[in-house]
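Student: The following block contains a protein sequence and its predicted model.
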Amino acid sequence: MEVVIKDTYEEMCRAAAEAVASVLNAKPNAVLGLAVGNTHIGLYRELVRMFKEGLLDFSQVTTFNLDEYVGLGKDHPQSQYYFMHENFFKYVNLSPQNIYMPSGTAKNYRAFCAWYEQRIKECGGIDLQILGIGTDGHIAFNEPGSSLGSRTRIKTLSERRLAEIKDLFDEGEELPIYAITMGVGTILEARRIILLAHGAAKADAVAAAIEGPVTSMVTASALQLHRDTIAFLDREAASKLKLFDYYLWVQKKRPGAPGY
Ligand SMILES: N[C@@H]1[C@@H](O)[C@H](O)[C@@H](COP(=O)(O)O)O[C@@H]1O
C-alpha cells in the first residue's frame with residue numbers, strides 16, 4: 001500500500017482530489033465509488049472547486065456509494081444520500097441516472113443488494129473507490145468481524161456505531177440499527193482505492209489497518225491485499241505508524257519527485 005502523509009487536512013484533501021482527477025482525466029467515463037464521512041467533506045469541496053474551475057467534468061462519470069442506513073429516505077438529514085447531495089451532487093454535472101446509492105427504503109433488500117452488485121459489474125466495475133476509516137478500522141459499514149469476502153448486504157450496526165451516531169438524531173427518534181453496505185469483497189474488486197484519514201482519533205485504526213495483521217476485526221486491513229491502494233493521511237492520523245519516517249522518505253525519493 002502506498003502511504004502519503006500530508007501536514008494538514010487541506011493538503012491531504014488536495015492530494016486525494018488530484019488522485020481522483022488523474023483517474024477522470026485518463027478515463028472521462030470512469031466509475032467512482034463514493035464514501036460519506038466528515039473526512040470526505042474537504043475532498044468533495046476540492047472536487048467541486050476543480051469542477052467550477054473547468055478542471056474536471058463529471059458528465060460521463062458513474063458513481064456508486066458505499067452504504068446507506070436502512071429506514072432512512074433520501075430527504076432524511078442523516079441519510080448518506082442527503083450528505084452526498086448537499087456536499088457534492090448538487091454542485092457538479094453528474095447525470096442523475098448515473099448516480100447509484102444503496103436504497104435505505106428498498107422493499108426487498110436481498111434483491112436490491114444483488115441488483116446493486118450486478119449494476120456495478122454491468123457498468124464495468126469501479127475504477128476508483130474512495131474510502132474513509134472508522135476508529136475501530138472498519139470500512140463502509142463492514143463492522144469488525146465482517147467477512148473479508150463479503151458482498152453488498154444488510155449489516156447490523158454495532159453498539160459502538162450506534163453510540164457514535166446517537167447525537168446526530170433527534171431525541172426520541174428511532175436510530176437505524178441496520179445499514180446496507182458494499183462488502184469488503186466488493187470493495188477489493190475496485191481497480192484503485194484511496195483511503196483518507198485525518199486526526200489523532202484515527203491513528204490507532206490507521207496503524208492497525210496498514211501495519212497490523214490482515215484480520216476481519218479491522219476490515220480496512222484487507223486493503224493490504226489490494227494491489228493499488230493509496231492511503232492519504234494527515235500527520236496526526238499517521239502518527240502511530242511504525243514506518244512513518246520511511247513513508248516520508250519514499251515520498252521524497254519516489255521516481256518523478258523533484259531531483260529524481
Ligand atoms: N460508513 C461510514 C464510513 O464509510 C466512514 O469511513 C466512517 C468514518 O467517518 P468519519 O470520516 O466521519 O470519521 O463512518 C461511517 O462508518
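Tutor: Looks like it arrived, so ask away.

Student: can you pull out the strands in the protein?
Tutor: 2-6, 31-34, 62-65, 67-69, 99-100, 128-131, 153-156, 178-181, 192-197, 229-234 (DSSP state E).

Student: need the residues of the stretch 101-250 of the chain near the ligand, please.
Tutor: Gly132, Ile133, Gly134, Ala140, Phe141 (CB under 6 Å from any ligand atom). (Glycine included, C-beta is placed from N, CA and C.)

Student: Taking those together, which two end up most distant?
Tutor: Spanning the widest gap among those are Ile133 and Phe141, at 12.3 Å by CB to CB.

Student: contacting residues for Ile165?
Tutor: Gln78, Leu175, Pro176 (CB atoms under 8 Å, 6 or more residues apart in numbering).

Student: Filter the residues you listed down to the buried ones.
Tutor: With burial judged by 16 or more other CB atoms under 10 Å, the buried subset of these is Pro176.

Student: Which ones among the contacts of Ile165 lie within helices?
Tutor: Among the contacts of Ile165, none falls in helices (DSSP state H).

Student: Take the strands of the chain and write them to CSV, including distance to Arg49.
Tutor: Shown next, in CSV, are the strands of the chain (distance: least, CB to CB, whole Å):
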stretch, distance to Arg49
strand 2-6, 17
strand 31-34, 17
strand 62-65, 18
strand 67-69, 26
strand 99-100, 20
strand 128-131, 17
strand 153-156, 34
strand 178-181, 29
strand 192-197, 17
strand 229-234, 17
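
Student: now the helices: where do they sit in this protein?
Tutor: 9-26, 41-52, 80-87, 109-122, 159-165, 184-188, 203-211, 235-238, 244-253.

Student: Quick one: residues in contact with the fourth one.
Tutor: Applying CB under 8 Å, 6+ apart, the external contacts of helix 109-122 come out as 31, 64, 70, 100, 102-103, 106, 126, 151-154, 180, 182, 186.

Student: Could the C-alpha coordinates of it be exported in PDB?
Tutor: C-alpha atoms of helix 109-122 as PDB (Å, rounded to 0.1, in the frame of the first residue of the first chain):
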ATOM      1  CA  TYR A 109     -33.300  -5.800   0.500                       C
ATOM      2  CA  ARG A 110     -31.900  -9.100  -0.600                       C
ATOM      3  CA  ALA A 111     -32.900  -8.400  -4.200                       C
ATOM      4  CA  PHE A 112     -31.700  -4.900  -4.000                       C
ATOM      5  CA  CYS A 113     -28.200  -5.900  -2.800                       C
ATOM      6  CA  ALA A 114     -27.900  -8.500  -5.600                       C
ATOM      7  CA  TRP A 115     -29.100  -5.800  -8.200                       C
ATOM      8  CA  TYR A 116     -26.500  -3.300  -6.800                       C
ATOM      9  CA  GLU A 117     -23.700  -5.800  -7.200                       C
ATOM     10  CA  GLN A 118     -24.900  -6.600 -10.700                       C
ATOM     11  CA  ARG A 119     -25.200  -3.000 -11.700                       C
ATOM     12  CA  ILE A 120     -21.600  -2.300 -10.600                       C
ATOM     13  CA  LYS A 121     -20.500  -5.200 -12.900                       C
ATOM     14  CA  GLU A 122     -22.700  -4.000 -15.800                       C
END
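
Student: next one: that helix to chain centre, how far?
Tutor: 19 Å (CA atoms, centre = their mean, to the nearest Å).

Student: Once you drop chain neighbours, what's closest to Lys166?
Tutor: Leu175 (6.4 Å; CB to CB, 6 or more residues apart in numbering).

Student: residue in the stretch 51-200 of the chain nearest to the ligand?
Tutor: Proximity of the stretch 51-200 of the chain to the ligand (CB to the nearest ligand atom) peaks at Gly132, 2.6 Å away.
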